[in-house]
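[1] need a structure here:
(one chain, ligands or ions: 1)
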Amino acid sequence: MLWIDTKYAGLISPKLDKWKVKQTNPFVANFRCPICGDSASNPNKARGYLLQHKNSMMLKCHNCGISMGLDKLIEKLDSSLYQQYKLEKFEKNLRKNLSILNLNLKQKVSKTFQILSKISQI
Ligand SMILES: [Zn+2]
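    Residues are numbered from 1 along each chain as shown. Down below sits the predicted model:
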C-alpha cells in the first residue's frame, strides 16, 4: 500500500521545513527533523529523511538518530490527518480481504457445480 503512504507524505509535507523530494523510486525526501528540531544554530540544516521501506515509509534522522514509521510521524504532527490515514488504510485492507473472500466463494461455487454435473451423469 505504498501509494497511500506516498499520498500522505505529500499531505504532511507542508508541516516539514525545507521539505524536498530527492527521488521517487524508491521514495526519498529530506527535511528538518520535527522531532529534534535539527540544528539550532544553522536553520538550513536538514537531516531528517523519509525513506521507502518495503511497502511503507520511515522517518530517519541523522541528527537525533530517531527512526519511526510514517504513521507515528503523522500522528505527532496532525491528529486529524492521522485519523484519515488510519481510515484509508483500514478501508484498503477491508477491500483486499473482501476480494479474497469473493474469489474463495467463486471457487467453491464452481467446484460445487462440477460435483453436481458429475452426479447428474450417473
Ligand atoms: Zn532529529
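
[2] Only C-alpha atoms from now on, for both contacts and neighbour counts.
    OK.

[3] Please, where are all the helices along the protein?
    2-12, 70-77, 79-120 (DSSP state H).

[4] Could you list the contact residues of the chain toward the ion?
    Within the chain, the residues that sit near the ion (C-alpha under 5 Å from the ion) are 33, 36, 61, 63-64.

[5] 6 Å instead, please
    Remark: the part of the chain in contact with the ion comprises 33, 35-36, 38, 61, 63-64, using C-alpha under 6 Å from the ion.

[6] Counting neighbours, which of those end up buried?
    33, 38, 61, 63 (16 or more other C-alpha atoms under 10 Å).

[7] pLDDT wise, what is the first one at?
    pLDDT, Cys33: 97.

[8] my read: it touches Cys61, true?
    Yes. Counting by C-alpha atoms under 8 Å, Cys33 touches Cys61, with 6.4 Å between them.

[9] what residue ranges in this protein are flagged as low confidence?
    Low-confidence segments of the chain (pLDDT under 70): 1.

[10] Can you lay out the helices of the chain as JSON lines showing mean neighbour count and distance to Met57?
    Listed next are these as JSON lines, based on neighbours: other C-alpha atoms under 10 Å; distance: least, C-alpha to C-alpha, whole Å:
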{"stretch": "helix 2-12", "mean neighbour count": "15", "distance to Met57": "6"}
{"stretch": "helix 70-77", "mean neighbour count": "17", "distance to Met57": "5"}
{"stretch": "helix 79-120", "mean neighbour count": "12", "distance to Met57": "13"}
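
[11] Rebuild those helices as a markdown table, extending it with distance to Lys22.
    Compiled in a markdown table, the helices of the chain are given as follows (distance: least, C-alpha to C-alpha, whole Å):
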| stretch | distance to Lys22 |
| --- | --- |
| helix 2-12 | 13 |
| helix 70-77 | 17 |
| helix 79-120 | 23 |
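
[12] from the buried ones among the residues of the chain next to the ion, which ones fall inside strands?
    Cys61 (DSSP state E).
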